[in-house]
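Q: A predicted structure for the sequence below; I have some questions about it.
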Amino acid sequence: MAGRIFRGSFELYSWLFMRISGAVIAVLVIIHLIYLHFLIGVEKIDFSVVASRWSSSGWRIFDLVMLLLALAHGGNGVRIVLEDYLRKRVWRIAALTVLGIVWVALIVIGTHVILTFDPSSLQEARVVS
């Protein structure tokens, strides 16, 4: 019907998100692997490599997007599995609550680390100890 707004269920949007985020994550991970594992080399990755990489806001945004997409994609996948296998409503609600708490904690911690990382303060702490 012309002019009608398409309205789908949450599960439809969840399904669509999983497909799109999976493709985007795959591209981001391939870029990550090529850069760190082939251009720099695994044997050379240490604190200074991460510190110099995160001195650029572009790499921080890249890593933050990759982290947030991976956590959202993974959290949604675990939610789907829990809803498929936990038949009793009370267990499903409990498991989804725990999943939500862990998911939010990981997002907060990961975002905090990426956005507040200051290599100079860690270098000073390394010299003092």
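A: Nice, thanks for sending it over.
Q: rest of the way, CA atoms for contacts and neighbours
A: OK.
Q: quick check, pLDDT for the most centrally placed residue in the chain.
A: Residue closest to the average C-alpha location in the chain (C-alpha atoms, centre = their mean): L67, at 2.4 Å. L67 carries a pLDDT value of 97.
Q: in contact with it, which residues?
A: Applying C-alpha atoms under 8 Å, 6 or more residues apart in numbering to L67 gives the contacts G110.
Q: distance of it relative to I80?
A: Using C-alpha to C-alpha, to the nearest Å, we find L67 at a distance of 20 Å from I80.
Q: then S56?
A: For S56, the distance to I80 equals 36 Å [C-alpha to C-alpha].
Q: the more surrounded of these two?
A: The residue with more neighbours, out of S56 and I80, is I80; 15 against 10, by other C-alpha atoms under 10 Å.
Q: go through the helix or strand where that one lies and flag the buried ones.
A: Element membership of I80, judged by DSSP states H and E, is helix 57-85. Buried residues in helix 57-85, counted by 16 or more other C-alpha atoms under 10 Å: 59-60, 63-73, 75-76, 79, 82-83.
Q: which positions within the next helix or strand after that helix qualify as buried?
A: Sequence order places helix 89-116 as the next helix or strand after helix 57-85, per DSSP H and E. Within helix 89-116, the residues scored as buried using 16+ other C-alpha under 10 Å are R92, A95, L96, L99, W103, I107, G110, T111, I114.
Q: now the helix holding I80, how far from the chain's geometric center?
A: Relative to its parent chain, helix 57-85 has a centroid offset of 4 Å by C-alpha atoms, centre = their mean, to the nearest Å.
Q: sorry, back to before: make CSV out of the buried residues of helix 89-116 and add distance to L33 and pLDDT.
A: Shown next, in CSV, are those (distance: C-alpha to C-alpha, whole Å; pLDDT from 0 to 100):
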residue, distance to L33, pLDDT
R92, 37, 96
A95, 33, 97
L96, 32, 97
L99, 29, 98
W103, 25, 98
I107, 22, 98
G110, 19, 97
T111, 21, 97
I114, 18, 95
